[in-house]
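Novice: model this:
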Amino acid sequence: MAHPLVAAPCYTFAVDIEARAEPHKIRSPLREKHALYHGKLAAALRNRGLEANAADDSSTRRADGDNGWWITSNGSLGVPPDTIPIEAVSPALDTRADWGAEIDTFWSALRAVFRMPERSDLCGSHVHVARSRVERFTLNQLKTIAYAVVVYEPLVTELLLPSRRESTYCKPNTQSSDYLYRVRGDSNAVAELIGSARDEEELRNIMQGSRNVLWNFDGVLLQGSGAIEFRGGRSLRGELRTKRWMAFAVAFIHAMLQQNELYDFSPDGLRFDTTEILYAEIRMAAAEMDMQHHLPVNYERFNETITE
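Specialist: Predicted structure coming up:
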């Protein structure tokens, strides 16, 4: 019998968008004008009715209670001579609200200030998924998600773009954690290891050796936001793929909580043995939150093996 881990599919989530983009109007020397253009993007967002602020550098923390867009830089994007490095962090969005409109407005504001961001393997995207604005994932729920992250890691890796599979900023969890590395490929041993975690901190330590992993559990610590961060998203250059990767991260977590394989163990082994079957399950979970239209029917279109 499955544990009642999930009731209605309601989650909050946010996205970090990394980009390098050339402004429409260039003020030289461009490499000294990052803060100026971050401020212009924040102003463009405010002009479109969204809360937004900009910081001179990524070490400046967002103020408590500030739930708007946060525009800054990121050291991993380098200091390009002809473009502005941007990290745009969304506010917490809700599966029960029109979150897609917020993403559309962000890209409208960005296009008002910048040309289309360049294609760059330095850039990626991260999606933070939390239980809700008022609830945190329980420890059992976190363990259920963690188990799925590990046992389905090979299949999820196939859903990533090749540039993200090789990125040092989103290493597979089994390659980052010595604990997981020792038991990889043995679902029973993985279940025993993850089930042994006595609290969120022990679980986080099992799941990763650093924050630069495919699924980052740093946020689930009691002093954190309560969110699990999916770091495998591609470089984003528009609304369509932004909503696609956000929907994927939320739907994967919802699907794995529904399956609850850590506690609802099947003697026949794992329920999903191919990428195609797992992706179909993720799309079914997305449909419960009216997100399925953001995900292509074919997983090979999702990972862009087949281009649109």
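Novice: neighbours of S210, how many?
Specialist: The number of residues packed near S210 is 12, by other CB atoms under 10 Å. From N, CA and C alone the C-beta is placed, and that goes for glycine too.
Novice: wait, it sits on S176?
Specialist: Yes. Between S210 and S176 there is a contact at 6.1 Å, judged by CB atoms under 8 Å.
Novice: who's in contact with the residue nearest to the spatial centre of the chain?
Specialist: Nearest to the geometric centre of the chain sits V127, at 2.0 Å (CA atoms, centre = their mean). Contacts for V127 (CB atoms under 8 Å, 6 or more residues apart in numbering) come out as 13-16, 229-230, 233, 245-246, 248-250.
Novice: go on, L262?
Specialist: Here L262 is in contact with 143-144, 147-148, 191, 194-195 (criterion: CB under 8 Å, 6+ apart).
Novice: try it again with 10 Å
Specialist: Neighbour list for L262: 3, 5, 140-141, 143-148, 151, 187, 190-191, 194-195, 256 [criterion: CB atoms under 10 Å, 6 or more residues apart in numbering].
Novice: which strand in this structure runs the most residues?
Specialist: Criterion DSSP state E: the longest strand present in the chain is strand 12-21.
Novice: next secondary structure after that one?
Specialist: Once strand 12-21 ends, the next helix or strand along the chain (criterion: DSSP states H and E) is helix 34-47.
Novice: what packs against the following helix or strand past that following helix?
Specialist: Proceeding N to C from helix 34-47, the next assigned helix or strand is strand 52-54, under DSSP H and E. Identification of packing neighbours for strand 52-54 by 3 or more CB pairs under 10 Å, 6 or more residues apart in numbering; DSSP states H and E yields helix 34-47, strand 69-72, strand 84-89.
Novice: dump these to a markdown table, plus mean neighbour count, mean pLDDT and distance to T95.
Specialist: Shown next, in a markdown table, are those (neighbours: other CB atoms under 10 Å; pLDDT from 0 to 100; distance: least, CB to CB, whole Å):
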| stretch | mean neighbour count | mean pLDDT | distance to T95 |
| --- | --- | --- | --- |
| helix 34-47 | 20 | 97 | 22 |
| strand 69-72 | 25 | 96 | 19 |
| strand 84-89 | 23 | 96 | 19 |
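Novice: need the ones you listed in CSV (columns: distance to V220).
Specialist: Formatted as CSV, the helices and strands packed on strand 52-54 follow (distance: least, CB to CB, whole Å):
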stretch, distance to V220
helix 34-47, 29
strand 69-72, 21
strand 84-89, 18
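Novice: between these, which one is nearest to L110?
Specialist: Comparing these by their distance to L110 (CB to CB), the top pick is helix 34-47, with 6.2 Å.
Novice: and that closest one, what does it pack against?
Specialist: Helix 34-47 is packed against strand 52-54, strand 69-72, strand 84-89, helix 99-113, with contacts defined by 3+ CB pairs under 10 Å, 6+ apart.
Novice: follow-up on the earlier one: and the angle from the longest strand of the chain to helix 99-113?
Specialist: 20 degrees (axes from the mean of the first three to the mean of the last three CA atoms, to 10 degrees).
Novice: for strand 12-21, name the packing helices and strands.
Specialist: strand 69-72, strand 84-89, strand 93-94, helix 99-113, strand 125-130, strand 228-233, helix 239-259.
Novice: let me have these in JSON lines, adding distance to N298 as columns.
Specialist: What follows is the helices and strands packed on strand 12-21, written out as JSON lines (distance: least, CB to CB, whole Å):
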{"stretch": "strand 69-72", "distance to N298": "32"}
{"stretch": "strand 84-89", "distance to N298": "29"}
{"stretch": "strand 93-94", "distance to N298": "26"}
{"stretch": "helix 99-113", "distance to N298": "21"}
{"stretch": "strand 125-130", "distance to N298": "21"}
{"stretch": "strand 228-233", "distance to N298": "19"}
{"stretch": "helix 239-259", "distance to N298": "13"}
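Novice: now for the ones you listed, which one comes closest to L222?
Specialist: Set against L222 and scored by CB to CB, the helices and strands packed on strand 12-21 come closest in strand 125-130, at 13.6 Å.
Novice: any buried residues in whichever helix or strand comes after that closest one, and which?
Specialist: Counting by DSSP H and E, the next helix or strand C-terminal to strand 125-130 is helix 139-151. For helix 139-151, burial by neighbour count (16 or more other CB atoms under 10 Å) applies to 141-151.
Novice: so what secondary structure elements neighbour helix 139-151?
Specialist: Against helix 139-151 (3+ CB pairs under 10 Å, 6+ apart) you get helix 173-176, helix 178-183, helix 187-195, helix 200-207, strand 215-216, strand 228-233, helix 239-259.
Novice: how about CSV for these, with mean pLDDT added?
Specialist: Shown next, in CSV, are those (pLDDT from 0 to 100):
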stretch, mean pLDDT
helix 173-176, 98
helix 178-183, 97
helix 187-195, 96
helix 200-207, 98
strand 215-216, 98
strand 228-233, 98
helix 239-259, 97
